[in-house]
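Visitor: sequence and predicted structure below; questions after.
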Amino acid sequence: MPYQVLFTEDAEQDIEDLYRFLATRDGIQTAERILGEIEESCLGLEDLPTRGNIPKELAGLGITDYRELHHKPWRMIYRIIGEDVIIYCIADGRRDMQSFLERRLLR
């Protein structure tokens, strides 16, 4: 039975922000293409949620229940809870991810 993929409000806001950024910088077609690819990756977790790796920034803190997918340079951070896959954020991996993840996930 497939898992259900859910997006937190923060993750939904990340998607909106990313769309605006890409549409302004690269055009609407590019923004739609990239977000479609990110969405496809996230929804693919329905069938194989354990395929992502544990983010090194969290593993270093001993936190191993989060996983991530990559769509360079973006990272999608998620956690499997029961039959649900919760997407917590979609972030540019070139930023200070340690600080970002601590603020976003450990608050």
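Guide: Looks like it arrived, so ask away.
Visitor: give me the mean pLDDT for stretch 22-38.
Guide: The average pLDDT for stretch 22-38 rounds to 97.
Visitor: what's the longest helix in the protein?
Guide: helix 9-26 (DSSP state H).
Visitor: can you name every helix or strand that the lowest-mean-pLDDT helix or strand in the chain contacts?
Guide: Each helix and strand of the chain was given a mean pLDDT (mean pLDDT, DSSP states H and E); the minimum falls on helix 97-105 at a mean of 86. Taking 3 or more C-beta pairs under 8 Å, 6 or more residues apart in numbering; DSSP states H and E as contact, the helices and strands that helix 97-105 lies on are helix 56-59, strand 74-81, strand 84-92. For every residue, glycine as well, the C-beta is placed using N, CA and C.
Visitor: now that helix: buried residues?
Guide: By neighbour count on 16 or more other C-beta atoms under 10 Å, the buried set for helix 97-105 is 97, 100-101, 104-105.
Visitor: low-scoring stretches of this structure, by residue?
Guide: Confidence mapping of the chain against pLDDT under 70 gives the ranges 107.
Visitor: who's the most centrally placed residue in the chain bridged to?
Guide: Per C-alpha atoms, centre = their mean, the C-alpha nearest to the average position across the chain is that of residue 76, at 1.7 Å. Under DSSP bridges, the beta-bridge partners of residue 76 are residue 69, residue 90.
Visitor: touching, it and residue 87? I think so.
Guide: Yes. If you go by C-beta atoms under 8 Å, residue 76 and residue 87 touch, sitting 6.0 Å apart.
Visitor: now for these two: what residues contact both?
Guide: Residues touching both residue 76 and residue 87 comprise residue 42, with contact defined as C-beta atoms under 8 Å, 6 or more residues apart in numbering.
Visitor: next one: residue 61 from residue 101, what distance?
Guide: Applying C-beta to C-beta, to the nearest Å, the value for residue 61 to residue 101 is 9 Å.
Visitor: could you dump the buried residues of helix 97-105 into TSV with distance to residue 70 added?
Guide: Converted to TSV, the buried residues of helix 97-105 look like this (distance: C-beta to C-beta, whole Å):
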residue	distance to residue 70
97	12
100	15
101	15
104	17
105	17
